[in-house]
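Participant: quick check, what structure comes out for this input:
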Amino acid sequence: MKQHIKNTLGILVSTIVFTTLGVCESSDHGKSLHLGSVNVLDVDYSITQFGKLSPGKEGAFEVTTSKENSNSSVYLWAESEDGQKISAPSKGHIEKGKLHFHLLPNENTTPYRIVLRVREGDKDARGSLPLIANDAKAGDEQEKDHGHDHGHDDDHGHGHDH
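Facilitator: You can find the predicted model right below:
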């Protein structure tokens with residue numbers, strides 16, 4: 001009986017550790033949807049969303065880059081349409097050669113865009129992309145005129161008019 005309990009606890013602890021560390025396939029998060037690319041500090045970042053990003057529910061993102069980020073810290077968060085930060089910033093961690101992020105938008109908010117922040121030495125810059133309608137299907141293309149850097153100067157505000 002004691003051995004069975006030890007085995008069960010071992011499996012439970014392993015599951016918690018692997019889940020907490022994000023050791024899982026990106027496909028476990030849902031269908032992939034390429035949101036587009038942003039250029040931050042002269043580096044292109046391609047952003048893919050996995051599954052639907054909903055208030056109060058964790059969503060996953062992968063970011064690939066044209067440059068190795070050995071000296072960079074890269075963060076991602078969600079904003080509402082009025083530029084309010086609605087999720088805590090998530091620091092990317094390497095998973096299968098790609099930066100992986102988990103975001104948890106606040107309850108009673110509407111995720112509108114994601115913001116990518118890159119810190120490298122004394123440089124600190126941001127870019128953002130609109131979230132494609134949550135009911136969009138994987139493989140749908142984003143709006144052609146919107147895959148660009150928004151040039152955020154602070155945590156609030158969109159950076160330009162449309």
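Participant: gap between Gly59 and Asp42?
Facilitator: Look at Gly59 and Asp42: by C-beta to C-beta, to the nearest Å, they are 28 Å apart. C-beta here means a position set from N, CA and C on the backbone, and glycine is covered the same way.
Participant: tell me which of those two has more neighbours.
Facilitator: Gly59 (24 against 9; other C-beta atoms under 10 Å).
Participant: grab the nearest non-local neighbour of the more buried one.
Facilitator: For Gly59, ignoring the flanking residues on the chain, the nearest one in space by C-beta to C-beta, 6 or more residues apart in numbering is Leu53 at 3.8 Å.
Participant: shouldn't Ile94 be in contact with Ser72?
Facilitator: No. Between Ile94 and Ser72 there is no contact under C-beta atoms under 8 Å: 11.7 Å.
Participant: more neighbours, those two?
Facilitator: Ranked by neighbour count (other C-beta under 10 Å), Ile94 and Ser72 place Ser72 first, with 18 against 9.
Participant: okay, that one: pLDDT?
Facilitator: Ser72 carries a pLDDT value of 89.
Participant: which residues does it contact?
Facilitator: Ser72 makes contact with 41, 118-120 under the criterion C-beta atoms under 8 Å, 6 or more residues apart in numbering.
Participant: next, format those as a markdown table and append distance to Pro111 and secondary structure.
Facilitator: Formatted as a markdown table, the entries for the contacts of Ser72 read as follows, by distance: C-beta to C-beta, whole Å; DSSP: H, G, I helix; E, B strand; the rest coil:
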| residue | distance to Pro111 | secondary structure |
| --- | --- | --- |
| Leu41 | 25 | coil |
| Val118 | 21 | strand |
| Arg119 | 23 | strand |
| Glu120 | 27 | strand |
